[in-house]
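Trainee: have a look; sequence and predicted model below, questions after that.
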Amino acid sequence: MERRNENRDWKRPQKAGFNKEKREERKPFSRKFERNAEEAPREFRRKRVNSFEKAEKFSDKKSRFSEKRDRFSRKEKTFDRELKRFDREPKQYSEKPKQSFDKEIRLNRFIANSGVCSRREADVLIASGAVTVNGKVVTQMGVKVSTSDVVCYDGERLSHEKKVYLLLNKPKGFITTLDDPQERKTVMSLVEKACKERIYPVGRLDRNTTGLLLFTNDGDMTKKLTHPSFGARKIYHVELDKPITKNDMQSLLDGIELEDGFTRFDDIQFVEYFNDKRVVGVELHSGKNRIVRRMFEAMGYYVTKLDRVSFAGLTKKDLPRGRCRFLTEKEINFLKML
C-alpha cells in the first residue's frame, strides 16, 4: 500500500505538470492574439485587418443589393397596377358625352367669369334684383346655374366663359386669320396652347408686319379697340427704301386722299438713335387695312420693314419676338377705361 501511494504521489505532479504544458501548447493562436495583440506576428494582424475590411465591403454590397431589390419590387408592383388598369374593359360612352363646363356653378361666379365685375360686386347686383335667370329675377344668394340657363344683366345676356386677354409679339411670316385654306402659318398656331378659352385677334397685321397683336374673347373690348372713335393709339416703327423729306412728312400729317377715304397720321418723327432719315416712327388711330403701307406708297415710298411697337398703351417691354403673355389686371382696367 505504501508503495502504491508513493507512486501515486510521485506521478500526480508529473502528470499535472505535463498536462499543463500540453494545454498551453494546444491553445489556438487566436486566443493568444486576443489576450495580447502585440505578441502576434505582423502578417497575422494584417490578415485580420483585411478580413474585417472584406466583411465591411460585403455588408455594403449586401445593403446596396437589398435597396435595389426593394426598388425593383416597387417598380414591379406599379407595373402590375398599370397592367391591370390597361386590362380593364373600355368604358361605354354615350353618343353625346356630357361636357365638363355643363356642370352647375354659383351665380356670382358665373357673373364674374363673364367679366362684368368681381364675385363680391356680383352679390350686390344679385341682391339688388338687377340679374335675371331664364327671365326671372333672382335675389337669393347661392343660386346655381348652368351654361344652358339664360343669365342677363341690364338687358344683355352674359357669357359663361372667363374673359381672357393675351398679348403676342408677332414674328414675320404669319398671317392674322383663324384658318387659312392655303395652309399657311397663322398667328393662332402661336397662341393655341396659351389658354383653353377660344380667343380671337383684335385687328389685323399683314404677313410681313411684326409687333404687338392682342387676343381676347371679350367682344365689347374688341369693338372698342378696333373702332376709330375710341382713339386706340397705335405706334409703328417704319423703315423706308429711301430718305423721306420734311415736306412729305407734313403732307402725311395734314392728310391724303386714298381710295377708301381721307386719312392722316396723328404724328410722325425721325427715330433719333438710328440717325437715318429712312427710319421714322408714326402714330395713328385708324383701323383701316394696310393703312401705313398704303399711305407711304401714295407718297412714292416703299416700306421695307414695319413693326408695331405700341398698341392702346401696351408695349413690347420684356416680350421677345414670337412669345405671348397675359395682361395684368392693371392693364385690363386701363383698356376698359378707354
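Mentor: Received it, and whenever you're ready, just let me know what you need. Residues are numbered from 1 along each chain as shown.
Trainee: ok, Asp297 - contacts?
Mentor: One thing to correct before we go on: residue 297 is Glu, not Asp. Neighbour list for Glu297: Val303 [criterion: C-beta atoms under 8 Å, 6 or more residues apart in numbering]. Where C-beta positions appear, they are placed from N, C-alpha and C, glycine not excepted.
Trainee: that one looks like it's in a helix, true?
Mentor: Yes - assessed with DSSP: H, G, I helix; E, B strand; the rest coil, Glu297 lies in a helix.
Trainee: so how far is Leu252 from it?
Mentor: Separation of Glu297 from Leu252 (C-beta to C-beta, to the nearest Å): 12 Å.
Trainee: again with Thr315
Mentor: Taking C-beta to C-beta, one finds Thr315 at 23 Å from Leu252.
Trainee: same deal with Gly173?
Mentor: 28 Å.
Trainee: out of the two, which sits in the more crowded spot?
Mentor: Leu252 (24 against 10; other C-beta atoms under 10 Å).
Trainee: excluding covalently adjacent residues, which one is nearest to the more buried one?
Mentor: Spatial nearest neighbour of Leu252, excluding adjacent residues (C-beta to C-beta, 6 or more residues apart in numbering): Phe265 at 4.9 Å.
Trainee: mind pulling up the pLDDT for the one you found?
Mentor: pLDDT recorded at Phe265 is 93.
Trainee: need the contact list for it.
Mentor: Taking C-beta under 8 Å, 6+ apart, one finds 252-253, 282-284, 295 in contact with Phe265.
Trainee: just Ala122 next, same as before
Mentor: So, once contact is read as C-beta under 8 Å, 6+ apart, Ala122 ends up touching 107-109, 111-112, 116, 131.
Trainee: at 7 Å what do you get?
Mentor: 108, 111-112 (C-beta atoms under 7 Å, 6 or more residues apart in numbering).
Trainee: what's the ChimeraX line that selects buried ones from the contacts of Phe265?
Mentor: Only the buried entries of the contacts of Phe265 go into this ChimeraX selection, using 16 or more other C-beta atoms under 10 Å:
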select :252,282,284,295
